[in-house]
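S.K.: Sequence and predicted structure are below.
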Amino acid sequence: MTKREYHRERLCVLLEKEMSAAYRCVDYLSVWETVGFRPVSNEVPGRKMLTRIDRRRIGEWFFGATDFLDIPRYVASLAMKYFDTVLTRRYYDPPSRRGTNPSQEELQLLAVTSFYLAIKLSWSNHGWNAERMCKLAGNAFLPDVLLQEERVVLDTLEWRMHPPQANDFFHTLVGISSNDSVSNSQKQQVEQQAYYMMELAVLDYYFVEKAIPPSYIAMAALSNAIVMTSSYEHYSEPFFSVVGAIHIVMDQTRYHMCCKRLWDLYNSSRQSATPKGNPRTSSPASVTQAWSSVSSP
């Protein structure tokens, strides 16, 4: 089996997982905004418990924490996937719970637990435990509380902890579409731009709202990065030919919509929304501080 054939087979496996209902997320925020929230006693009356801005802040905390720990940034992407999927399962899938009121503390605990699980399951050299995770989160929760929530999240996700991610598709698509003439420096330029766009997609709730699959995000990010770096000659097979070769029908309108959204996000960001290279002399702001920095609507 050639390297390209291997990547084609892997792409088929990833696409099959992507189409599975087990990893599906829905536009839960729009449902909540339509139904509304019942304010609880310790909250400002009428305060929405989670907004798109709140979610973005949590995602920025995920990326900031990965940089502080000097671990791969895809851990943050995986944590956000857990966060969105659990909210779908808890507060959308059961009709009786649609419109119910998750508290701010519950959402903070879910965010911390999602990041904790993402570290444990995707970074083999973590040496991580609940005590260290709670310290990183500003001691907002006790380790026992985190461990209890860990089990609840695992059960909610039915122990399906390896969802297909845009990063997975990206590496596979590069393996299929790049040719032997691409140099390491050219490859790094394309990867750097594509990774940045995929990180912007993690933070942008639009991709959940529109149910954009991770394969589309990866293909759009790679396509945009190729255009941006003028690397056309090094990526010989058009993306639709790649998809057509495995008999998958692609929604071209949706794909181009995804490309445009990534371009818009890129052009509107003057600097990385999830910056790297900051001095790692202190812990990132706790998840509770990140949340409280969001003003009430």
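M.R.: Everything's here; your move. Residues are numbered from 1 along each chain as shown.
S.K.: Enumerate the positions of stretch 58-78 that are buried.
M.R.: 58-69, 71, 73-78 (16 or more other C-beta atoms under 10 Å). The way it works is simple: take the backbone N, C-alpha and C, and place the C-beta from them, glycine included.
S.K.: CA-only coordinates of it, as CSV, when you get a sec.
M.R.: As requested, C-alpha coordinates have been extracted for stretch 58-78 and formatted as CSV (Å, rounded to 0.1, in the frame of the first residue of the first chain):
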residue,chain,number,x,y,z
ILE,A,58,-13.9,29.4,27.3
GLY,A,59,-12.2,28.4,24.0
GLU,A,60,-9.6,31.1,24.5
TRP,A,61,-9.0,29.7,28.0
PHE,A,62,-8.5,26.2,26.5
PHE,A,63,-5.9,27.5,24.1
GLY,A,64,-4.2,29.7,26.7
ALA,A,65,-4.0,26.7,29.0
THR,A,66,-2.4,24.5,26.3
ASP,A,67,0.2,27.2,25.7
PHE,A,68,0.9,27.5,29.4
LEU,A,69,1.4,23.8,29.8
ASP,A,70,3.4,23.7,26.5
ILE,A,71,1.2,20.9,25.1
PRO,A,72,-0.2,20.4,21.6
ARG,A,73,-2.9,22.9,20.8
TYR,A,74,-5.3,20.3,19.3
VAL,A,75,-6.0,19.4,23.0
ALA,A,76,-8.0,22.7,23.1
SER,A,77,-9.9,21.7,19.9
LEU,A,78,-10.8,18.4,21.4
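S.K.: can you count the residues close to Pro85?
M.R.: One thing to correct before we go on: residue 85 is Thr, not Pro. For Thr85, the neighbour count with other C-beta atoms under 10 Å is 21.
S.K.: host element of it?
M.R.: Under DSSP states H and E, the secondary-structure element containing Thr85 is helix 74-91.
S.K.: And for Ser30?
M.R.: Taking DSSP H and E as the criterion, Ser30 maps to helix 28-35.
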